[in-house]
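Student: Everything below, folded, please.
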Amino acid sequence: MNSERIRAKVALAVVAVLVAACSSTGSSPSPAASAATGGGSPAASSAGGGSVAGAYIPIVSKGFQHQFWQAVKKGAEGKASELGVKVNFEGPENESQVDKQLEMLQAELDKNPAAVCFAALDSKAAVPLLEQFKAKKIPVVGFDSGVDSDIPVTTVATDNSKAAGEAADRLGEAIGGKGKVGLIVHDQTSRTGIDRRDGFVNEMKKKYPDVEIIGPQYGGGDQLKSTDLAKAMIQANPDIKGFFGSNEGSAIGVVNAVKELNKSGKLVVVGYDSGKAQIDAINNGLMLGAITQNPIGIGQECVKAAVKAIGGESLPKTIDTGFYWYDKTNINNPEIQAVLYQ
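Tutor: Numbering: from 1, shown residues only. Take a look at the predicted model:
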């Protein structure tokens, strides 16, 4: 009898322990469940199930000397704050410092970030380093200027070839479809430099075969160097009718050359990007117009893509952020004002 009572008490104790364990499991969610149901921002949990809140995402740009990069930085930092991640926007002093940019990229690799956003000064030189990011399973998001590799999970950029083709159309039409035009390009190593150069040249040859292109000359995106190049081209070709400058520094360099040689109103100048100097030149009649990108949108989209990549989401190979032609006739339109920067 006593042994039966003991067995009964043991059985009851076991049941009590099991019930308590089940009750505890049901009332306290696991850490993974907490991340999914914590009520935080959408960035706090990802499709892949891993939390990205507070993730570190370095953004290595091509430089800081143009207002374009300040606008990209603004967009990136705003989106990072919205999504609850940390970013560090950096770049070399100018867009000719490929080695300096690679040093920055190596320093970020050593920090083992959750992802990296990268705008390459040289579309080939960075590939070995990017392979190390891939080996560490760190997603790489290209922006503005891609690389000659399939390592980036996506590239956030303007369709630069198409945009430069639009610039060629505007310039060719403005000079009457024949004559000489000068081409000042920021570099011949980045994807933006290559695509804008080729996009302009190919469209001009196709649509305006009677236009002779002088150049390209490469000014490194530097206003002073681009000014000297443009002045030399004008002096060597007194019958030149116009110019295309492939980025902010290139275009302003051409404008400065036109002013210094007293050619205002005699040459048609088409630029790329915006910034106060180009906006003023267009409003003052020194430039016909320019192509503007969406730099704030580029910054926003590269951070957004990085967060998705950290979470294991699939991304398209390219994210096209669009472009617009602007001149005196539409510069004050709301859709244009939204993508201009000063």
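Student: Tell me the confidence at A21?
Tutor: A21 carries a pLDDT value of 37.
Student: Any stretches of the protein with poor pLDDT?
Tutor: 1-51 (pLDDT under 70).
Student: Can you give the domain ranges for it?
Tutor: When the chain is parsed with automatic domain parsing, its domains come out as 46-157+296-321, 160-292.
Student: Surely L102 and A126 touch.
Tutor: Yes - with contact defined as CB atoms under 8 Å, L102 counts as touching A126 (6.3 Å). Bear in mind the C-beta positions are built from the backbone N, C-alpha and C, glycine included.
Student: And the two? Which one has more around it.
Tutor: A126 (25 against 19; other CB atoms under 10 Å).
Student: I'd guessed that one sits against V147; true?
Tutor: Yes - using CB under 8 Å, A126 is in contact with V147, at 5.8 Å.
Student: Which neighbours do the two have in common?
Tutor: F118, A120 (CB atoms under 8 Å, 6 or more residues apart in numbering).
Student: name the element P216 belongs to?
Tutor: Applying DSSP states H and E as the criterion places P216 in strand 211-218.
Student: Tell me the strands beside that strand, with direction?
Tutor: Sheet pairing for strand 211-218, assigned by DSSP bridges, gives strand 179-185 (parallel).
Student: same for the very next helix or strand once past the partner strand, what does it pack against?
Tutor: Using DSSP H and E, the helix or strand that follows strand 179-185 towards the C-terminus is helix 191-207. Identification of packing neighbours for helix 191-207 by 3 or more CB pairs under 8 Å, 6 or more residues apart in numbering; DSSP states H and E yields helix 160-174, strand 179-185, strand 211-218.
Student: What residues of helix 191-207 count as buried?
Tutor: 191-201, 203-204 (16 or more other CB atoms under 10 Å).
Student: Run the angle between that helix and strand 179-185 for me.
Tutor: 170 degrees (axes from the mean of the first three to the mean of the last three CA atoms, to 10 degrees).
Student: Break down the chain into its helices, ranges please.
Tutor: 2-27, 31-37, 67-83, 98-110, 127-135, 160-174, 191-207, 223-236, 248-260, 276-283, 295-310, 334-337 (DSSP state H).
Student: Tell me which residues are up against the shortest one.
Tutor: I take that to be helix 334-337. Contacts of helix 334-337 (CB under 8 Å, 6+ apart): T292, Y324, Y326, N330, I331.
Student: can you rerun that using 6 Å?
Tutor: Helix 334-337 has contacts (CB atoms under 6 Å, 6 or more residues apart in numbering) with Y324, Y326, N330.
Student: So which of the residues you listed belong to strands?
Tutor: Residues of the contacts of helix 334-337 located in strands (DSSP state E): Y324, Y326.
Student: okay if I get the contacts of helix 334-337 as a markdown table plus distance to G242?
Tutor: As requested, the contacts of helix 334-337 are exported to a markdown table (distance: CB to CB, whole Å):
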| residue | distance to G242 |
| --- | --- |
| Y324 | 20 |
| Y326 | 17 |
| N330 | 20 |
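Student: and which of the contacts of helix 334-337 is nearest to K180?
Tutor: Closest approach between the contacts of helix 334-337 and K180, by CB to CB: Y326, at 25.2 Å.
Student: check contacts around that closest one.
Tutor: Contact analysis of Y326 by CB under 6 Å, 6+ apart lists G289, T292, I336.
Student: Skip the chain neighbours and tell me the closest residue to the last one.
Tutor: Once its chain neighbours are removed from consideration, I336 has its nearest residue in Y326; the separation is 4.8 Å (CB to CB, 6 or more residues apart in numbering).
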